[in-house]
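# I would like the atomic coordinates for the input below:
(chains A, B, C and D, ligands or ions: 5)
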There are 4 protein chains.
Amino acid sequence: MPIPAPNLYPEFNIVRLSHVELVVTDLAKSRAFYVDTLGLQVTDEDSESIYLRAMEERGHHCLVLRQGSEPCARELGFKLFDEESIEKAEHFFKAKGLPVEWVDRPYQSRTFRTRDPHGIPLEFYVKMDRLPPIHQQYALYKGVKPLRIDHFNVFSPNVDESVAFYNQLGFRVTEYTEDEASGRLWAAWTHRKGGVHDIAFTNGAGPRLHHTAFWVPTPLNIIDLLDLMSTTGWVSNIERGPGRHGISNAFFLYIRDPDGHRIEIYCSDYQTVDPDLEPIKWDLKDPQRQTLWGAPAPRSWFEEGSLFEGQKPVKAQLDAQPIIAP
Amino acid sequence: MPIPAPNLYPEFNIVRLSHVELVVTDLAKSRAFYVDTLGLQVTDEDSESIYLRAMEERGHHCLVLRQGSEPCARELGFKLFDEESIEKAEHFFKAKGLPVEWVDRPYQSRTFRTRDPHGIPLEFYVKMDRLPPIHQQYALYKGVKPLRIDHFNVFSPNVDESVAFYNQLGFRVTEYTEDEASGRLWAAWTHRKGGVHDIAFTNGAGPRLHHTAFWVPTPLNIIDLLDLMSTTGWVSNIERGPGRHGISNAFFLYIRDPDGHRIEIYCSDYQTVDPDLEPIKWDLKDPQRQTLWGAPAPRSWFEEGSLFEGQKPVKAQLDAQPIIAP
Amino acid sequence: MPIPAPNLYPEFNIVRLSHVELVVTDLAKSRAFYVDTLGLQVTDEDSESIYLRAMEERGHHCLVLRQGSEPCARELGFKLFDEESIEKAEHFFKAKGLPVEWVDRPYQSRTFRTRDPHGIPLEFYVKMDRLPPIHQQYALYKGVKPLRIDHFNVFSPNVDESVAFYNQLGFRVTEYTEDEASGRLWAAWTHRKGGVHDIAFTNGAGPRLHHTAFWVPTPLNIIDLLDLMSTTGWVSNIERGPGRHGISNAFFLYIRDPDGHRIEIYCSDYQTVDPDLEPIKWDLKDPQRQTLWGAPAPRSWFEEGSLFEGQKPVKAQLDAQPIIAP
Amino acid sequence: MPIPAPNLYPEFNIVRLSHVELVVTDLAKSRAFYVDTLGLQVTDEDSESIYLRAMEERGHHCLVLRQGSEPCARELGFKLFDEESIEKAEHFFKAKGLPVEWVDRPYQSRTFRTRDPHGIPLEFYVKMDRLPPIHQQYALYKGVKPLRIDHFNVFSPNVDESVAFYNQLGFRVTEYTEDEASGRLWAAWTHRKGGVHDIAFTNGAGPRLHHTAFWVPTPLNIIDLLDLMSTTGWVSNIERGPGRHGISNAFFLYIRDPDGHRIEIYCSDYQTVDPDLEPIKWDLKDPQRQTLWGAPAPRSWFEEGSLFEGQKPVKAQLDAQPIIAP
Ligand SMILES: [Ca+2]
Ligand SMILES: [Fe+2]
Ligand SMILES: [Fe+2]
Ligand SMILES: [Fe+2]
Ligand SMILES: [Fe+2]
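Numbering: from 1, shown residues only, chains lettered A, B, ... in the order given. Ligands and ions are numbered 1, 2, ... in the order given. All right, here's what the predicted structure looks like:
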């Protein structure tokens, strides 16, 4: 088995993924996508940026859109359990020789930025401004009725290395794909918060952000979004799905924002809080791995992703190929 | 506009499509598909045949499976309003020089068989044995929870001719696809019972049966069927979907039975009882015609169909091409 | 069996129920209910009236709200098949000694008003202005996503008489409730368009309009409406449900508009086009008659209804009692 | 605010609620209820007991049915994080003067039983036999498609005391109901695993088990269960719902097993992993507290519950009354 034993006693306590900032080239158009179409709620905005939260979130933002000239992804944000955790996290990254930079982030308590060994920008904080609950203000629900940010998925040039590193941070593997030939990891899903993943790694030129996923109530909300997008000018932004994942067993849809940033709409995976949960292994050549119903993903899905700011991707070290739609 | 004015006063009154008989090469395997997987109810069976009904039907059968050495489709069955209708129907077909053969059909009152001008075998009757309602015996529901037969779809070598003929029978066009270049019909949906169609015609080598469709409660039942098929050995029998049709606005899935007979699972089209309902026109090159969400159908969907017994198909006269998945 | 044989050859052809006009005392508040909350589409409005259609309807209106000082219901509107039908209908009502008054109704071809023998105001026409389809403009869907008007339900002081009269008009009984003791009808559901009913009759002081029903896609839309109403100030307008009807097998919710007019949200009954469909009999004392799941309706549901303009109700002749919630 | 600050550093780590054993008087009838109707999976059974798991669970059992002469509830089972936790837990309960008894429990690693200060029997263990995943064996899904045990709800004679005690165990309050008059807690929802609750406390003669809840995919599965129960002889076992809770925002149904043990079917509450999640306060007199849609619960729901074996309940110290259905 190519995955490490779960690290049940990490040096510091990451609660969950929290937020990401995306640089977009036309803020108004991105607003039409994320707010008018997906239904995320604006919690702050000006001419340069829009802060968004999903319906059941009380933290100030799960997505920040920032106007820029080149689309890219900035730090992947994670919430820490307490002040002790942020001290220990700082120490952890410094001890690895990774950069640690304390930054002022609006609506967040003290925050530091760092990079993982492949160069993915990360951001850690303990507290974010809390907003009043809106999950029972049903008049505000629209679009796909997004409830909360669910996970990140990143292209990694070496998934074995990624899993080993995030294992030190306490991310536990729930499912993984092995390349039978080399015995190496081709993809892995790892969690902190008790779902199938907070962050997943997919083999490919990286690091790049493959997608950010939002949780919705039921598959019917995904069908509603498809009907809406396809009759309001967004039909070509539908990339893959709807379908049931083999891995995670979740119902999914992949769409692309106006700059090509990929968003997954996701629901109904399973609870993973047991420390002795056995990871589920899939073979890269199993056609039901991607989609339980057998449909392969299109080439774009395997090849395209968002660059991280200031980080040039490198070629994947493993060149095993999944099944790709013709 | 290439479609005829609706014929509101046909010579006889066809109530609705009723049933079809399919010749299958392995009755047990077909039973596993239609009964154990789709959830149709057996109303009679022996070593040669199985009679099936859907959950809200009180007529004895909507589908008859018949063991044979070569798979094919037999008569498309239609229910007539009354005895006067069957007399007038007989007269109508005879007057057209089409064959009329009175046959003994189990569970049906007197029935005649005939052919449409392209050779599609048709069967007309007034009464079928009625069975007690089971639509509130929820313990019997399984699979996709099929409620009733909804429509037939046939390949026609000349859709203009098909529509002209069925117009005489009182079938009214609800939606149609025109080939812009030739101004000819590429496909048409025609109804008697007040839904989008009882029978539709698609341009192609014909006559052949493209598919038989069953109505189900909601899109979630279609998702349930996909999950079931993909984990019980039927994953390769999933051909296309799920999706929303542009034409009909229905939610759909296409699957293939063990002999390749195509079945559509279908729900949520609209009511069409108004005699002044305006047909909706679609352009053959409109990618949202097939699937509102933009996904093209695979080549098999455009090319494969069931032969009608004793009827050799001829090449389509119109060779306009729709968009086909790569 | 207390119900008459179906009249398959009525003197004229009623296609379906079409529309109703309700007098409301605060047009703005009614707009907030029907448009902002239920999601009906405004097709015309001024300071005195609002015309509404549901999402799949192409006729100009299914509901007209008229400002007035006293809430009441006006004519129940029905669409006829053709000009011949309207001539024969006029003759039919005149021959019964019932009033026939030709009226100018905006957006409708020539229309006459009459009354049934108990005094229910009725209105018949052949053509209504047709509007472009909006059923695939998914950005317009909101509230409960109402697709079409489905049926009327009226209190009748003598359901046997009502059924006998509407039977002459070609309405066929699909289900009915018998009072075991007297052998008389307590309620009946009768249809023209191929669903469980266009109009139903319930024993009670009448004539009064019990409710008008709208068809929606799935039970989840009803849950969405409940969530919306209960968090936007309409919680006390929820009267009964959600639930599954024993009779009709439909999923339902009853709500009250600002003037107390009762609206049913309804989906998933069954197809009834067969002329030999056997009516289903229910016993008045069967607790699953009202709600398959056993919950009785509240007293208000049995006792309250909208007066028809200019028609004083009389006491029901049958005083058998259903089960009422404590 | 009557609730204590969350205890983020409890002496030992409880992962989640795990299982409960119910004594039933007719094992075959209970099997018909839990297995044939709800759809729980049998993992072991003999003439005295049945072990059950839900579809996504890999632990051996979440519910044990035990044949007995008097129905009652036995230990509420909780899973601990590691061996260190079980040592510390033993120490914790002993230090409180509470009984600690090490027991042999089939399929569980070493397990001790204890009682909370009101006498609720509790059981703690670290590891349970793990079974192969079945969550993608869709042919096994039936009934309400139960995915996992979600929470316990117990009557407490003093909710303030219960919350104070379970707070020491690290259970964090997510929502609570205050009696305005006395300023005391009337009910509280507390969690370990990241949902709205693992265990909730309701004011009433106690300790008694109010209900055990199972998580299902969507509200439509609850509708399916209602249809099934009401047509297979279980209609009188439906107690309350379906509806949307004000508290937890979950969609719910309450049913009673053949011995009166109450089961809740539950879905779509929200994620609560943030350590700084603010508890939501409700007023006991708010009618939307129980059901967002306004319907009050029946008297039985407030008064009836399962006795814990060997524990006589005492009267509640607070006699504030909620709104009860007439
Ligand atoms: Ca079609
Ligand atoms: Fe994902
Ligand atoms: Fe079709
Ligand atoms: Fe109704
Ligand atoms: Fe509960």
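# next, find the distance separating A:Arg105 from A:Ile199.
According to CB to CB, to the nearest Å, A:Arg105 stands 20 Å off from A:Ile199. Bear in mind the C-beta positions are built from the backbone N, C-alpha and C, glycine included.
# also A:Leu17?
Between A:Leu17 and A:Ile199 the distance is 6 Å, computed by CB to CB.
# identify the contacts common to these two.
Applying CB atoms under 8 Å, 6 or more residues apart in numbering or on different chains, one finds that A:Leu17 and A:Ile199 are jointly contacted by A:76, A:151-152.
# which one of those residues is nearest to D:Pro117?
Using CB to CB, A:His151 comes nearest to D:Pro117 of the shared contacts of A:Leu17 and A:Ile199, at 40.6 Å.
# pLDDT value on the closest one, please?
Among the per-residue scores, A:His151 holds a pLDDT of 98.
# same deal with A:Met1?
51.
# now do the one 3 residues further on
Predicted confidence (pLDDT) for A:Pro4: 96.
# mind listing what it touches?
Taking CB under 8 Å, 6+ apart, we find A:Pro4 in contact with A:163-164, A:167, A:173.
# which of these are buried?
If you count burial by 16 or more other CB atoms under 10 Å in any protein chain shown, the buried members of the contacts of A:Pro4 come out as A:163, A:167, A:173.
# export those residues as TSV, with columns for pLDDT.
Output for those, formatted as TSV (pLDDT from 0 to 100):
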residue	pLDDT
A:Val163	98
A:Asn167	98
A:Val173	98
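# kindly reformat the residues you listed as TSV containing distance to ligand 4 and secondary structure.
As requested, those are arranged in TSV below (distance: CB to the ion, whole Å; DSSP: H, G, I helix; E, B strand; the rest coil):
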residue	distance to ligand 4	secondary structure
A:Val163	58	helix
A:Asn167	59	helix
A:Val173	54	strand
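# just those now: which is nearest D:Glu87?
Distance ranking of the buried ones among the contacts of A:Pro4 against D:Glu87, using CB to CB, places A:Asn167 first at 26.1 Å.
# find the closest residue to ligand 5 in chain A.
At 16.7 Å from ligand 5, A:Gln271 is the closest residue in chain A, using CB to the ion.
# mind listing what that residue touches?
When contacts are taken as CB under 8 Å, 6+ apart, A:Gln271 is in contact with A:194-195, D:56, D:148, D:193.
# now, which of the residues you listed lie within strands?
Here DSSP state E is the test, and these give D:Arg148 as lying in strands.
# closest one to A:Tyr141 out of the contacts of A:Gln271, please.
The shortest approach to A:Tyr141 among these belongs to A:Gly195, at 21.6 Å (CB to CB).
# now do the residue lying closest to that closest one once chain neighbours are set aside, the pLDDT please.
Nearest in space to A:Gly195, with sequence neighbours left out and distances taken as CB to CB, 6 or more residues apart in numbering or on different chains, is A:Asp269 at 5.6 Å. pLDDT for A:Asp269: 97.
# just for chain A, where's the confidence low?
A:1 (pLDDT under 70).
# ok, now which ones touch the residue at the greatest distance from the centre of it?
Relative to the C-alpha centroid of chain A, counting by CA atoms, centre = their mean, A:Ala181 is the outermost residue, at 28.3 Å. Counting by CB under 8 Å, 6+ apart, A:Ala181 touches A:Ala320.
# relative to D:Ala213, how far out is it?
Taking CB to CB as the measure, A:Ala181 and D:Ala213 are separated by 46 Å.
# circling back: show me the shared contacts of A:Leu17 and A:Ile199 that map onto strands.
Per DSSP E, strands hold the following members of those: A:76, A:151-152.
# need the residues of chain A near chain D, please.
Residues of chain A lying close to chain D by CB under 8 Å from any CB of the partner chain are A:8, A:15-16, A:56, A:58-59, A:79, A:81-82, A:127, A:130, A:133, A:135-136, A:147-148, A:193-194, A:217-220, A:246, A:249, A:268, A:270-271, A:273-278, A:280, A:292.
# restricted to helices, list those.
For the residues of chain A next to chain D, the ones inside helices are A:219-220, with DSSP state H as the criterion.
# just the buried residues of the residues of chain A next to chain D.
Applying 16+ other CB under 10 Å to these, the neighbour count classes A:15-16, A:56, A:58-59, A:79, A:81-82, A:127, A:135-136, A:147-148, A:193-194, A:217-220, A:246, A:249, A:268, A:270-271, A:273-277, A:280, A:292 as buried.
# coming back round to it: now rank the shared contacts of A:Leu17 and A:Ile199 by neighbours and give me the top one.
When neighbours are counted as other CB atoms under 10 Å in any protein chain shown, the busiest of the shared contacts of A:Leu17 and A:Ile199 turns out to be A:His151, with 26 neighbours.
# helices and strands around the lengthiest strand in chain A, which ones?
Scanning chain A for the longest strand, with DSSP E as the assignment, gives strand A:14-24. Judged by 3 or more CB pairs under 8 Å, 6 or more residues apart in numbering or on different chains; DSSP states H and E, strand A:14-24 is in contact with strand A:63-67, strand A:72-80, strand A:148-156, strand A:208-215.
# just put those strands in a markdown table and tack on distance to chain B.
Below are the helices and strands packed on strand A:14-24 laid out as a markdown table (distance: least, CB to the nearest CB, whole Å):
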| stretch | distance to chain B |
| --- | --- |
| strand A:63-67 | 24 |
| strand A:72-80 | 26 |
| strand A:148-156 | 19 |
| strand A:208-215 | 17 |
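# A:Ala139 contacts C:Ser230, doesn't it?
No. A:Ala139 is beyond contact range of C:Ser230, at 10.9 Å (criterion: CB atoms under 8 Å).
# looking at the two, which one has more neighbours?
More neighbours surround C:Ser230 than the other of A:Ala139 and C:Ser230, with 25 against 13 (other CB under 10 Å).
# before we move on, the earlier item: more neighbours, A:Arg105 and A:Ile199?
A direct count of neighbours by other CB under 10 Å for A:Arg105 and A:Ile199 places A:Ile199 higher, at 24 against 20.
# quick check: that one vs D:Thr114, distance?
When distance is defined by CB to CB, A:Ile199 is 38 Å away from D:Thr114.
# so who does A:Asp160 touch?
If a contact means CB under 8 Å, 6+ apart, then A:Asp160 has A:2, A:184-185 as its contacts.
# is it in a helix, a strand, or coil?
With DSSP: H, G, I helix; E, B strand; the rest coil as the basis, A:Asp160 sits in helix.
# is A:Ile263 bridged to anything, and to what?
Here A:Ile263 sits in beta bridges with A:Thr212, A:Ile255, going by DSSP bridges.
# quick one, what contacts it?
A:Ile263 makes contacts with A:38, A:211-214, A:254-257, as judged by CB under 8 Å, 6+ apart.
# my guess is A:Tyr166 contacts A:Ile199. True?
Yes. Assessed by CB under 8 Å, A:Tyr166 is found in contact with A:Ile199 at 6.7 Å.
# in the stretch 51-200 of chain A, which residue sits closest to ligand 2?
Ranked by CB to the ion, the top residue of the stretch 51-200 of chain A for proximity to ligand 2 is A:Asn153, at 4.6 Å.
# against C:Pro71, how distant is that residue?
Taken as CB to CB, the span from A:Asn153 to C:Pro71 is 57 Å.
# A:Val314 too?
As defined by CB to CB, A:Val314 lies at a distance of 73 Å from C:Pro71.
# compare the two and say which is more crowded by neighbours.
C:Pro71 (19 against 13).
# nearest residue to the more buried one in space, please, no chain neighbours.
When the adjacent residues along the chain are set aside, C:Pro71 lies closest to C:Asp259, with 3.7 Å between them (CB to CB, 6+ apart).
# and the one you found, how many residues sit next to it?
Taking other CB under 10 Å as the definition, C:Asp259 ends up with a neighbour count of 19.
# leaving out chain neighbours, which residue sits closest to A:Ile253?
Actually, residue A:253 is Leu. It isn't Ile. Leaving aside its chain neighbours, A:Leu253 sits nearest to A:Gly241 (4.0 Å; criterion: CB to CB, 6+ apart).
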